[in-house]
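# curious how this folds, go ahead:
(4 chains)
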Protein chains: 4
Amino acid sequence: MTLQNESLRDHACLIVHGPDKPGIVAAVTALITRNKGNIVTLDQYSDDANGGAFFQRVVFHRPDLSAAMPDIEADLADTVTALGLEWTLTDQSVPKRMAILASTSDHCLLELLWRHRRGELPVTIPMVISNHTNVAADVRSFGIPFFHVPSQGPDKSEAEAKILELLKGNVDFIVLARYMQIISEDFLDSVGVPVINIHHSFLPAFIGAAPYRKAKERGVKLIGATSHYVTKDLDEGPIIEQDVARVDHAHSAADLQARGAYVERAVLSRAVQWHAQDRVIRHGNQTIVF
Amino acid sequence: MTLQNESLRDHACLIVHGPDKPGIVAAVTALITRNKGNIVTLDQYSDDANGGAFFQRVVFHRPDLSAAMPDIEADLADTVTALGLEWTLTDQSVPKRMAILASTSDHCLLELLWRHRRGELPVTIPMVISNHTNVAADVRSFGIPFFHVPSQGPDKSEAEAKILELLKGNVDFIVLARYMQIISEDFLDSVGVPVINIHHSFLPAFIGAAPYRKAKERGVKLIGATSHYVTKDLDEGPIIEQDVARVDHAHSAADLQARGAYVERAVLSRAVQWHAQDRVIRHGNQTIVF
Amino acid sequence: MTLQNESLRDHACLIVHGPDKPGIVAAVTALITRNKGNIVTLDQYSDDANGGAFFQRVVFHRPDLSAAMPDIEADLADTVTALGLEWTLTDQSVPKRMAILASTSDHCLLELLWRHRRGELPVTIPMVISNHTNVAADVRSFGIPFFHVPSQGPDKSEAEAKILELLKGNVDFIVLARYMQIISEDFLDSVGVPVINIHHSFLPAFIGAAPYRKAKERGVKLIGATSHYVTKDLDEGPIIEQDVARVDHAHSAADLQARGAYVERAVLSRAVQWHAQDRVIRHGNQTIVF
Amino acid sequence: MTLQNESLRDHACLIVHGPDKPGIVAAVTALITRNKGNIVTLDQYSDDANGGAFFQRVVFHRPDLSAAMPDIEADLADTVTALGLEWTLTDQSVPKRMAILASTSDHCLLELLWRHRRGELPVTIPMVISNHTNVAADVRSFGIPFFHVPSQGPDKSEAEAKILELLKGNVDFIVLARYMQIISEDFLDSVGVPVINIHHSFLPAFIGAAPYRKAKERGVKLIGATSHYVTKDLDEGPIIEQDVARVDHAHSAADLQARGAYVERAVLSRAVQWHAQDRVIRHGNQTIVF
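Below is the predicted model of the structure:
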């Protein structure tokens, strides 16, 4: 176990969600108290006061957390599962393992590597995989393994199989940092961990390819970027974060792309940070971000 | 002639646009100089250094402007028309006449009336027309005529005919301040002046009706508003201005609408101000905003 | 009792703050549950995991709330006071009574009156007081009483005495909507309710008079506004909200003032809304805004 | 001569400023035309229509520019100097030489190196100088020379002398990328080129040391950064660019610093780009940014 940050030692994050009913917050907080936890942060949201969905994130401190985890999990199974709710409990001192898939563009990739080096992303990065080699030296200069998996021809299944082999068992989530290959539904089914993408427009505007060119043609005054979970429906997955930048008539499509790069890297970084901190709960095609 | 603002007395605005070629700026500035004008502001843009379109806006001061206008116009016809360019010359001290069409929502309407009263919009407002009566008292409290033109049944031609009769010859441009009726192509052809609309989304996202509901369903993290010129293609006209506001999962569709109202009124106000100051040049389906 | 909003019927807001210790959240949520309340929203913050200050805001639904209030308050006195914590319990369906003090500027005043009319501010407005009369007609057109209390000469004590007489017992908080008179320490002591001000700069920059002129002289690229609680230390009270707008070299000091007006009214409106919803907790010279 | 960008070949930038009078724009554009230049972009500003200061930036294309420069300069000396105006003419295809001074923080430094590698900054970087060595490997990985000049003890004159020796004749401007040493007046006098600094607050708020700690103590809701030219008056030089980010009560001073780093690097990058493109004109303690 790698301790990402000493200040997170003995801190647990509990996510609870499911059908709302009276008394959930009280039941959960009582459970934490009787398991000797002290609540550090609590966020809670109900999408309808009259019987909608309930979402809660609690971070609590519990001395000797790792020894106590089995007991707390047993208590959660007894108490919270019995209320018809789903829960996940994670040790905040154990960083998630994040793989990055990239192509030739380096701006999102380098931003993640650099923020990681600064200690701002609570993750480890076991590998970067690219269908090109131009970013290899940069990646390795951060001390991170780089694997080249070329993606030639119309049949991507061989390349995807190789990527799956590299990832299998080694990662907790995957980030597509301007990875310019379409991920197959088979791949998503097999990989079994969340996949986060950055799309270079303020979705749902300019779905599909070449959004900056389309933005120039439409004459918009703002360009944007969207980070979302990847689902089988291209560009339709749950949105985690979005942002925009102002542009004007004097910007060419290439200028929009250059400006957009800075929005993309900021939006993706925030999405990755929030996911890594267990702040994002998926609910249908939407996200709750605490 | 109404002097909107003493500081604009004897100020002219010259817009020149057309195919780019060397020497246009020099020719135009020489023309202004030989007509005893002093340039106050000059904006210029070429969309391609190698023979694209050329756009220029010059504000100049010329003592006794109104007496000199015919001579300047004759010189422009000789010089600038000869260069294959289009031009318009306006006396900045003559405010444009702006009619407002509204329905039941008051936020965009009141914002325009209030900014006008503060002297921030260089326009006169000869009338407000609505298919409802709830805003009548507010409008008249600003000293502005209000006309009620109901719009019942599927056939809008009678209502449009009445509106045209009211507007004809009385206005220089029209603002749809959340006017919830579709404007017919016939109306646009007949009215003969620019029509500015405010759409309650960051176009081209959520084209059509109920954008806030669609935004809630898609789970976006930003909502927006777009002001554009109205063309026969609904929601497809040239964009003048856009802006966004941040929202989160806790906002209902009604909350998005309430927040969006503040973006709408700000975006529409800026678009109206820029149009009234001759800062916006239409070019195909785009705008140059100086 | 006026019901501001039917959807807030039987909703209470409980604020708890004081020295942090383990188990507070659990104790408070158990109290709400045993008093038959159902938690709608819970926000919690501790400024130091190791024994700092604790802040909590809970909104809960309790059928027949007003009948149950005495019992809940007795339980709070037993339980929460015993933990060394302070608490306030308010019935969310009872709007706070807000007086507005203004001078000649109308932008902040009208924004508040208009948002109130739209039902976006959970307050009643028993009166507007001004040392000028120019806003009287506008105020009364909203159906709100207007009182003129002139403020002549260096001795403000007579005017303040008259204002106090009008306010005494009639208001829960006071908003200075660009009220251009300095409030004396005696007034603050006597009035006994919170006073919210809007300052036309991003404090602590440009403390004191004429901030837009100073901003122009310093050549800043952003101007701002700050809403804060008024204390005896002028411009030094706890900040509730701030925002900025971009400006450039072409803006005169008068332009900065005109642009700033829109930032001021937005910032003040948000601060008032949050205060009225019991979202703001004062802590020393700072605020926690939930 | 290094061509930074083929698209800038044969493009010149002319800056003209001085006391305003009628006919300057016409005189300058006529000069460009008779020297066979074609205007690509023209920006112009007068700070007072009645005899204030005049500022103009023109980019024009002139085939065989370098051969024609002496003639154009002679014409400018005859024509524009005669009008009592100052001017500078630069060949846009010749990138400015930018030295960077840094200390231990890498965020501003790496941002500049990375944007430079992407071709977004029209500069060459002959050297990075630091009083620490921790950034040496990163700098050299970009193929840029790194020099270590320690700065020990209270007397900085020896270190400054060494830095001056390295810079002398080799640079066109200097960027302090979070360089944590105070620059002496002697150094500024000797170095003879503009020096651009990034200050980690929205000046003039929180002048001096530890702005993030002061911001936390004051409880501001926005933090900012300011890029300005360095003058002998610490933190008082002409502001080039500013921006802010939203923060709340839950952010510690360390959090503000981490967030602020992203504002700092964006603000400094924009300021450097604009300076390198001759878009910034100093005027007293202010800047005109075209």
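# can you check which helix is longest in chain A?
For chain A, the helix with the greatest residue count under DSSP state H is helix A:253-276.
# C-terminal to that one, what's the next element?
Next helix or strand after helix A:253-276 toward the C-terminus (DSSP states H and E): strand A:280-283.
# circling back: list the buried ones in the longest helix of chain A?
Residues of helix A:253-276 classed as buried: A:256-276 (neighbour count, 16 or more other C-beta atoms under 10 Å in any protein chain shown). For glycine as for every other residue, the C-beta is placed from the backbone atoms N, C-alpha and C.
# next: stretch A:209-228.
A:211-212, A:214-216, A:218-228.
# and that stretch, average pLDDT?
Mean per-residue pLDDT for stretch A:209-228: 96.
# can I take it that A:Gly169 is in a strand?
No - in this structure, A:Gly169 is coil, not part of a strand, as judged by DSSP: H, G, I helix; E, B strand; the rest coil.
# can you give me the strands for chain A?
With DSSP state E as the criterion, chain A has strands at A:11-19, A:38-46, A:53-61, A:86-91, A:96-102, A:123-130, A:146-148, A:173-177, A:195-199, A:222-229, A:239-246, A:280-283, A:286-289.
# per-residue confidence at the residue lying closest to A:Lys214 once chain neighbours are set aside?
With C-beta to C-beta, 6 or more residues apart in numbering or on different chains as the criterion, A:Lys214 has its nearest non-adjacent residue at 4.7 Å, and that residue is A:Phe206. Looking at A:Phe206, its pLDDT reads 94.
# now the helix or strand bottoming out on mean pLDDT in chain A, how far from the centre of its chain.
Between all helices and strands in chain A, the lowest mean by mean pLDDT, DSSP states H and E belongs to strand A:38-46, at a mean of 90. Between the centre of strand A:38-46 and the centre of its chain there are 20 Å (C-alpha atoms, centre = their mean, to the nearest Å).
# tell me how chain A divides into domains.
A:6-91, A:96-289 (automatic domain parsing).
# for the buried residues of stretch A:209-228, which one is nearest B:Ala27?
Nearest to B:Ala27, judged by C-beta to C-beta, of the buried residues of stretch A:209-228 is A:Gly219 at 28.4 Å.
# surely the closest one touches B:Arg282?
No - A:Gly219 lies out of contact with B:Arg282 (C-beta atoms under 8 Å); the separation is 10.0 Å.
# between these two, which contacts overlap?
Common neighbours of A:Gly219 and B:Arg282 (criterion: C-beta atoms under 8 Å, 6 or more residues apart in numbering or on different chains): B:Pro238.
# give me the low-pLDDT residue ranges for chain A?
By pLDDT under 70, the low-scoring segments of chain A are A:1-6, A:49-50.
# repeat that for 50
Along chain A, segments meeting pLDDT under 50 span A:1-4.
# for it, which residues are neighbours of chain B?
Counting by C-beta under 8 Å from any C-beta of the partner chain, chain A comes close to chain B at A:45, A:47, A:202-206, A:217-222, A:224, A:238-244, A:248-250, A:285-289.
# out of those, which are buried?
Using 16+ other C-beta under 10 Å, the buried members of these are A:45, A:202-206, A:218-222, A:224, A:238-244, A:249, A:285-289.
# now do A:Thr287 against B:Glu241, distance only.
A:Thr287 sits at a distance of 29 Å from B:Glu241 (criterion: C-beta to C-beta, to the nearest Å).
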